[in-house]
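> Sequence and predicted structure below; questions after.
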Amino acid sequence: MEIELRRRIYATFANTAAGLGYSEVHGKIIGCLLITPNPVSLATLAKETGYSASMISLSLDFLENLGMIERVKHHGDRRLFVRTKGDLMQAVKRAVQVKLERSITDSRKEFEAYRREIKGLPDSEQKGLMLERVSVLEKEMKRFERYVRLVGKIRPP
């Protein structure tokens, strides 16, 4: 029963990570760290989540950059151990913000590419309408960017 419950918890965290646009492995690692006494060895994370040690190691790099986890070493032990770090909610907020900022940057580049492509078309009424639509999209993206910046200033409860 305990094993099944752990797997369901990991699946819940995996689904949450996927819903935020991140890999399920990130969610499973966080789930494991939250219900397993810390620090946890890389081998234990691999066994608990069902992912290879190399896949876990790559994901740990990402989670460490977000400030969600930290690697620790035990004196005289060569194995890698990991534990949660800081405020998990703040780290999740940062992960969402990073994802949104990247999406905004990509969208703005796409809009600029559309604008260049449209400008290369022969003059027509359709060309003018298309340029107007791209301008509307750019304006809305700027609004969204301001919104994301404002939300980024809010501290989680």
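Received it, and whenever you're ready, just let me know what you need.
> Domain-wise, how is the chain divided?
Per automatic domain parsing, the structural domains of the chain span 2-84, 88-152.
> how about low-confidence regions in the protein?
1 (pLDDT under 70).
> Could you pull out the strands in it for me?
Per DSSP state E, the chain has strands spanning 40-41, 69-72, 81-84. These are given in chain order.
> Kindly reformat those as CSV containing mean neighbour count.
Quick note: C-beta positions are derived from backbone N, CA and C, even for glycine. Formatted as CSV, those follow (neighbours: other Cβ atoms under 10 Å):
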stretch, mean neighbour count
strand 40-41, 18
strand 69-72, 18
strand 81-84, 19
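> Nearest to Asp123 among these would be which one?
strand 69-72 (56.2 Å; Cβ to Cβ).
> So what are the sheet partners of that closest one and their directions?
strand 81-84 (antiparallel) (DSSP bridges).
> contacting residues around the partner strand?
29-30, 33-34, 38-42, 45, 60, 68-74 (Cβ atoms under 8 Å, 6 or more residues apart in numbering).
> most residues in a single helix of this structure, which one?
For the chain, the helix with the greatest residue count under DSSP state H is helix 88-119.
> Go through that one and flag the buried ones.
Buried residues in helix 88-119, counted by 16 or more other Cβ atoms under 10 Å: 88, 91-96, 100, 104, 107, 114-115, 118.
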